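Visitor: Pasting the sequence and the predicted model now:
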Amino acid sequence: MSEQMSGTNNNFRDDEIDLRKLFQSIGKGFSNLGKWLVTLVVRFRRSTLKYKFLLITMVVIGAIAGFVFTEVTKPYYKTSMLISSEYFNSRLIENSIDKLNSLCAEESRNGLASVLHIKENVAGNIRAFDYEPLISEQDLVDVEVLKQKLSELKVKDTDIQKIINQIDFENKNTFTITVEVFDNKIIDRLEEAVVSYFRDNPYVKNRIRINKENQIKLIEKLQADISQLDSLKHAFNLNLKANASRKGETSSNVYVGESGAMNPTEVYSEGVSLYRQLLNVREEMELGSDFELIDGFTSFSKPESPGLLKASVMTALIFLGLGYLLIILIEINRYLDKVEKEEFN
């Protein structure tokens, strides 16, 4: 019994010793890290003082380069618009933007002016185009994956639709179109040109045309049905008056020919429903909901490109970093020379 207890005590002592060694190693590691950081700061300070003239020269060169950059390059302005269409997708918008940027990269701006139906001098003041979906494609993919998982779990279609309605995106076909120009005075003229460029895309244009034709036909059909219902309501009213004069009382049922009994309130309800459909279709056609300009370009007086001070500071910092990189290379070369002398001499 005593031997077992002594063995157990020895195990506890070994564990205690191991923990002490562990904490000592951790403390030593932190101490070495602190010494390494202090050494690094000291060497950095020494190198800075040692090569201060090199670093000052690099900073001056960087500041001059920033000044020259702002003088040589034109300042540009950035603005954006929001357009939406149920026929839009990322591939279509990306392809359209790539075409515009390719035309911007050409020395002659005739091609860009022709595509956008603008003057060549206006096209010459356009720097670049860009786009961004208002709702990311990853969010749309996540929703589709969720639909698939809910279907695999054998959830009812009605319940799936309720869930999706809570998380579905209203503006999934809306995109931000950005343009950079050298002259912000052309922005107002450029807005209609860019909108027409996307609206006149053959894929979009054909579907807008077909949708409008279908809307016109639907409006004509709804108007005809509403007119027939109005005639039927008039017949019901006459029938009600005739029944009331014969029997001295009114009835909620009206008998018309061989069709049997009908409730006149259903006719009135159907008329209201058709009229609401007519208003909705007219609203969609008038608003052009299959293609909408949600928010147009805005002219800003402040350029997007960095100003003189900002450009000078940025380039000075970049050249300062290059200066320190050059110092590191110099010190590495000196160390290699020292090793070479010790090993081969």
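Guide: Noted; the coordinates are in hand.
Visitor: Can you give me the buried ones in the helix or strand that contains I56?
Guide: Assigned by DSSP states H and E, I56 belongs to helix 52-72. Judged by neighbour count (16 or more other C-beta atoms under 10 Å), helix 52-72 contains these buried residues: 54-55, 58-59, 61-63, 65-66, 69-70. Using the backbone N, CA and C atoms, a C-beta is placed for each residue, glycine as well.
Visitor: Show me how far that helix is from its chain's centre.
Guide: The chain centroid and the centroid of helix 52-72 are separated by 37 Å, computed with C-alpha atoms, centre = their mean, to the nearest Å.
Visitor: Kindly confirm whether my reading is correct that S196 touches H117.
Guide: Yes: S196 is within contact range of H117, at 6.8 Å (criterion: C-beta atoms under 8 Å).
Visitor: Is there a neighbour count for F175? I'd like the number.
Guide: Neighbour count for F175, taken as other C-beta atoms under 10 Å: 26.
Visitor: Can you classify it as helix, strand or coil?
Guide: Secondary structure assignment for F175 (DSSP: H, G, I helix; E, B strand; the rest coil): strand.
Visitor: list the contacts for it?
Guide: Counting by C-beta atoms under 8 Å, 6 or more residues apart in numbering, F175 touches 82-84, 88, 93, 131-134.
Visitor: Which ones among those residues map onto helices?
Guide: Per DSSP state H, helices hold the following members of the contacts of F175: I93.
Visitor: ok, the contacts of F175 vs E284, which is closest?
Guide: Here the nearest of those to E284, counting by C-beta to C-beta, is S84; it sits at 13.3 Å.
Visitor: how far is the helix or strand encompassing V115 from where the chain is centred?
Guide: In the assignment (DSSP H and E), V115 maps to helix 110-116. With C-alpha atoms, centre = their mean as the basis, helix 110-116 stands 27 Å off its chain's centre.
Visitor: Now do the strands in the stretch 151-300 of the chain.
Guide: Assigned by DSSP state E, counting those that start in this stretch, the strands in the stretch 151-300 of the chain fall at 174-181, 254-255, 261-262, 292-295.
Visitor: of all those, which lies closest to D337?
Guide: strand 174-181 (49.9 Å).
Visitor: Strand partners (parallel or antiparallel) of the closest one?
Guide: The partner list of strand 174-181 in its sheet, established with DSSP bridges, is strand 77-84 (antiparallel), strand 126-133 (antiparallel).
Visitor: as a whole number, average confidence for the last one?
Guide: Going back to what we said before, that points to strand 126-133. The pLDDT scores in strand 126-133 average 91.
Visitor: Also stretch 323-339?
Guide: Here stretch 323-339 scores 82 as its mean pLDDT.
Visitor: Then stretch 209-225?
Guide: In the prediction, stretch 209-225 has an average pLDDT of 87.
Visitor: Tell me which residues are up against it.
Guide: Contacts for stretch 209-225 (C-beta under 8 Å, 6+ apart): 274, 277-278, 281-282, 284-285, 290.
Visitor: Quick check: phi and psi on the residue lying closest to F291 once chain neighbours are set aside?
Guide: Leaving aside its sequence neighbours, F291 sits nearest to S85 (C-beta to C-beta, 6 or more residues apart in numbering; 4.4 Å). Per-residue torsions, S85: phi -160, psi 140 (degrees, to the nearest 10).
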